[in-house]
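Novice: with the sequence up front, the predicted model follows.
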Amino acid sequence: AMAQAALGAAGLHFDELNKLRVLEPEVAAQTAQLREQCRAFVDKTAEFQNIVDSLIELVDQLAKAVESEKMKAIGARNLLKSIAKQREAQEQQLQTLIAEKKMQLERYRIEYETLCKIEADQNEFIDQFIFQK
């Protein structure tokens, strides 16, 4: 015991296997425990980093999918606008055609009335000519 005290004063200690050590057995045990805790902490940190990385990757994929759907929606909206403009242009063309046909119909009606009047005049002339004989 006296030798152990003298060695302890010199900073040397015996462990449970009676090997000579520089650290006290309790300090050595605490150091080993701390080393294990540090290892576990580093492992947990690495695991957390992997989870964060996969989350970031997932969010990136989601952002790309959202962007793609947004582009599709914009394309569809533009297509609908152009179809609506085409329909408007077609409608205007048809309205113009209807107006032209109405004017043509009016010209034909006037021409028909004129021809009817001429026919009536000619029939009257023929009747008078026949009665004169």
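Specialist: It's in. Residues are numbered from 1 along each chain as shown.
Novice: so where's the chain uncertain?
Specialist: 1-18, 20-25, 133 (pLDDT under 70).
Novice: ranges for the helices of it?
Specialist: All helices of the chain, identified by DSSP state H, fall at 2-9, 25-132.
Novice: report the distance from the last one to the chain centre.
Specialist: Here helix 25-132 shows a centroid-to-chain-centroid distance of 15 Å under the convention C-alpha atoms, centre = their mean, to the nearest Å.
Novice: going forward, the N-terminal residue is numbered 353.
Specialist: Sure, I'll start numbering at 353, so the last one becomes helix 377-484.
Novice: what's the neighbour count on residue 381?
Specialist: 13 (other C-beta atoms under 10 Å). Glycine gets a C-beta too; all of them are placed from N, C-alpha and C.
Novice: please read the previous query as pertaining to residue 411.
Specialist: Residues near residue 411, counting by other C-beta under 10 Å: 10.
Novice: and what of the one 3 residues further on?
Specialist: A count of neighbours around residue 414, defined by other C-beta under 10 Å, yields 10.
Novice: follow-up on the earlier one: quick one: which of the helices of the chain is nearest residue 371?
Specialist: Smallest distance to residue 371 across these (C-beta to C-beta): 10.1 Å, for helix 377-484.
Novice: separation between residue 389 and residue 456?
Specialist: Computed with C-beta to C-beta, to the nearest Å, the distance linking residue 389 and residue 456 is 99 Å.
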